[in-house]
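J.: Below are the sequence and a predicted model; questions follow.
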Amino acid sequence: MNLKYILNLIIGILFSLGVSSQEGLPIYTDYLTDNYYLIHPSMAGVANCSKVRLTARQQWFGHENAPKLVTLSINGRVGDSQSGIGGIVYADKNGYHSQKGAYATYAHHVMFSRSEVDLNMLSFGLSAGFIQYQLDETTFPLDGYDPSISGTIESATNFNVDFGFSYHFLEYYAHGTVKNLLKNSGINNDIQITSNLRRYLLSVGGVFGALGSDFSYEPSILFQYKDGTKEASLDINAKVYKRMAFGNVWGGLSYRTSLDGAEYRNISDNSINSQKLQLITPILGMDYNNFMVAYNYSYQSNAMRFSSGGFHQITLGYNFGCRKVRYDCRCPAVN
């Protein structure tokens, strides 16, 4: 196996993963586990209950320094006001790179409904927080290599903000968010690709079901665009809910594809091929009274990938301070 092939393979893998070591909070499919606040600050306090969500994600079990992510979020309404607050802390590790972050959120919800029975609400949210980046160079070779390698743990802490809106009308919703509005240097000395971490998100969806049925169906999409690298991807999602005496059981499927391709050389015939990121994620979850548990497994179906193993993620949740269900709609993110 020659060096050129190895380099092509590494570049293809890094591109297909869609992972950046300094992108802020990574966006996977955890938002589908009743956790839209994790990616859209305008969702803070939108629901009838205050919510705590803990997620843990592990990629490629059995591989040293494989990517892993832990997030903890909490959000809720401020009394009977139209304001919501929230907070997020997370730790993300990817090989020699790692980052830790903490955000605080304020959201405001404007009601257009003639009464609280019909849901018609526009929300705005602003998150501000700090991200600490680290690059562990302690095991890098020093003699005769890049003089910029220090052999220590390089770190930098930056401030950034996210801003977004949400609109709920009966069973339909739309969310738009700009993440990492501010440019910063990270730990790579103002390199353009890492100083501009701005990301644009747009989510739309709805919940459908026959009158009197215990089943509901929720199709949705998420479009995201990274400003610094000009990469775009699309999530196509479908969920189904079954109402039970104790709460809900639900499941779904998410398909993520990049809208950009990465070229690689096929070693068997020396041809140049192109591929796009393709992630298939089944999701299972259950709401039991005020508790929630969910599991999802992402499988990368690209021809060129680091491992045949998938990405496991579990979400645990707890709802508290619940108010009476206000709206006559199938809207699980709000009711």
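T.: Okay, I see it. No experiment lies behind these values; they were computed from the predicted model shown. Numbers count the residues shown, from 1 in each chain.
J.: immediately after the helix or strand hosting S166, which helix or strand?
T.: Using DSSP states H and E, S166 sits within strand 153-169. Following strand 153-169 in sequence order, the next helix or strand is strand 172-179 (DSSP H and E).
J.: Can you name every helix or strand that that following strand contacts?
T.: The contact analysis (3 or more C-beta pairs under 8 Å, 6 or more residues apart in numbering; DSSP states H and E) places strand 172-179 against strand 153-169, strand 199-206. To be clear about C-beta, it is placed using only N, CA and C from the backbone, and glycine gets the same treatment.
J.: Using TSV, lay out those together with distance to S254, mean neighbour count and mean pLDDT.
T.: Listed next are those as TSV, based on distance: least, C-beta to C-beta, whole Å; neighbours: other C-beta atoms under 10 Å; pLDDT from 0 to 100:
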stretch	distance to S254	mean neighbour count	mean pLDDT
strand 153-169	20	18	89
strand 199-206	12	18	96
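J.: pLDDT weak spots in the stretch 101-250 of the chain?
T.: In the prediction, the stretch 101-250 of the chain carries residues with pLDDT under 70 at positions 116, 137-152, 185-194.
J.: which residues in it form strands?
T.: Assignment of strands within the stretch 101-250 of the chain using DSSP state E, counting those that start in this stretch yields the ranges 120-136, 153-169, 172-179, 199-206, 215-226, 231-243, 247-258.
J.: how close does K242 get to N120?
T.: Relative to N120, K242 is positioned 27 Å away (criterion: C-beta to C-beta, to the nearest Å).
J.: ugh, wrong one, I meant P282
T.: The gap separating P282 from N120 is 33 Å, by C-beta to C-beta.
J.: One more: C49?
T.: Counting by C-beta to C-beta, the gap from C49 to N120 is 20 Å.
J.: who's more crowded, those two?
T.: Ranked by neighbour count (other C-beta atoms under 10 Å), C49 and N120 place C49 first, with 18 against 15.
J.: So for the chain, the centremost residue is which one?
T.: In the chain, the centroid-proximal residue (C-alpha atoms, centre = their mean) is I27; its distance is 2.4 Å.
J.: any idea which helix or strand carries that residue?
T.: Using DSSP H and E, I27 is not contained in any helix or strand.
J.: Any idea how many residues pack against R323?
T.: Counted with other C-beta under 10 Å, R323 comes out at 11.
J.: Can you classify it as helix, strand or coil?
T.: Secondary structure, DSSP: H, G, I helix; E, B strand; the rest coil: R323 is coil.
J.: Look up how far V334 lies from it.
T.: Using C-beta to C-beta, one gets 11 Å for the distance from R323 to V334.
J.: Spit out the residues that contact the two alike.
T.: N48 (C-beta atoms under 8 Å, 6 or more residues apart in numbering).
J.: Just list the residues touching P332, thanks.
T.: Taking C-beta under 8 Å, 6+ apart, we find P332 in contact with 34, 207, 216, 218, 241, 248.
J.: Does it belong to a helix, a strand or coil?
T.: On the basis of three-state DSSP, P332 is classed as coil.
J.: try G24
T.: Secondary structure state of G24, per three-state DSSP, is coil.
J.: how about the nearest residue to it, chain neighbours excluded?
T.: Once its chain neighbours are removed from consideration, G24 has its nearest residue in N180; the separation is 5.1 Å (C-beta to C-beta, 6 or more residues apart in numbering).
J.: Can you report how many residues neighbour that neighbour?
T.: By the measure other C-beta under 10 Å, the count of residues near N180 is 22.
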